[in-house]
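Sequence first, then the predicted structure:
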Amino acid sequence: MIGENLDKIRKELPKHVILVAVSKTKPIEALQEAFDAGQRIFGENKVQEMAAKWEVLPKEIEWHFIGHLQRNKVKYLAPFVSLIHGVESLRLLKEINKQALKSNRIIDVLLQFYIADEETKFGLSEEEANDLLNSEEFKLLQNIQIRGVMGMATFTKDQEKIRGEFQKLKNIQNSLKANCFSDNDLFDVVSMGMSGDYTTAIDEGSTMIRIGSSIFGARN
């Protein structure tokens, strides 16, 4: 079933959209099945679980951390993580930079923005992001690469509300690209859209979607 689900989703996706298979809580066997079906990018939201899976699964996998990352856990991911999706503070960026330096790596990250109408979601405002990116402290960070933006829409059936929130994130990315990353071709990721709303997200400019239940079935 996992392979069939992946094939179905891939056929729907435009070429420029990257699929992150959200594998949190799923057993090793399910990830291996997805890998055997050609999936190479997996998203996890718990550091210990991700590190344990990295140890035993094929090293060709790109691991994306998609949860709320605590600073004291960064050291466990730094040797292998490919992309950290949810960075919403300079303090976290500094810790990622510090641990990346220890691992002799440059770690790719996304800035997370608060676009939803829910207090449980995390993220920067556009003003906070501009302050961060223009700070002297940020300019000293040599071992991180900001690849783009990430955001989660409100959990609602109101498709127009979701569409508006995705438009907001795309507008933020356009603004940051023009004002802070105009000479950086690597600032090109808009990570938005999950199982329930990814087609809307793609319509509004998403380049990376995070799909779990539509690939692996309902959460364990």
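Done, it's in. Numbers count the residues shown, from 1 in each chain.

from here on, contacts and neighbour counts on C-alpha atoms
OK.

Give me the mean pLDDT for stretch 79-91.
Averaged over stretch 79-91, pLDDT sits at 96.

How about the contacts made by the residue located most distally from the centre of the chain?
In the chain, counting by CA atoms, centre = their mean, residue 136 sits farthest out from the average C-alpha position, at 25.6 Å. Residue 136 makes contact with no residue, according to CA atoms under 8 Å, 6 or more residues apart in numbering.

Which secondary structure elements does the helix ranked longest in the chain sit against?
Longest helix of the chain, by residue count under DSSP state H: helix 159-179. Applying 3 or more CA pairs under 8 Å, 6 or more residues apart in numbering; DSSP states H and E, one finds that helix 159-179 contacts strand 144-151, strand 189-191, helix 198-203.

Tell me which residue is most central in the chain.
The centre of the chain sits closest to residue 85, judged by CA atoms, centre = their mean, with a distance of 3.1 Å.

Could you check which helix or strand contains that residue?
Assessed by DSSP states H and E, residue 85 sits inside strand 83-87.

Strand 144-151 and that strand, what's the angle between them?
Calculated by axes from the mean of the first three to the mean of the last three CA atoms, to 10 degrees, strand 83-87 forms an angle of 60 degrees with strand 144-151.

So which bits of the very next helix or strand once past strand 83-87 are buried?
Helices and strands here follow DSSP H and E; after strand 83-87, the next one along the chain is helix 90-102. Applying a neighbour-count criterion of 16 or more other CA atoms under 10 Å, the buried positions in helix 90-102 are 90, 92, 93, 94, 95, 96, 97, 98, 99, 100, 101.

Can you add distance to residue 177 and give those residues back as CSV?
As requested, the buried residues of helix 90-102 are arranged in CSV below (distance: CA to CA, whole Å):
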residue, distance to residue 177
90, 19
92, 22
93, 19
94, 22
95, 24
96, 22
97, 22
98, 25
99, 26
100, 24
101, 26
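
from those residues, which is closest to residue 155?
Among the buried residues of helix 90-102, residue 92 lies closest to residue 155 (CA to CA), at 26.1 Å.

The spatially closest residue to that closest one that is not a sequence neighbour: neighbour count?
Excluding the flanking residues, the one nearest residue 92 by CA to CA, 6 or more residues apart in numbering is residue 71, at 5.8 Å. Burial measure for residue 71: 13 neighbouring residues, criterion other CA atoms under 10 Å.
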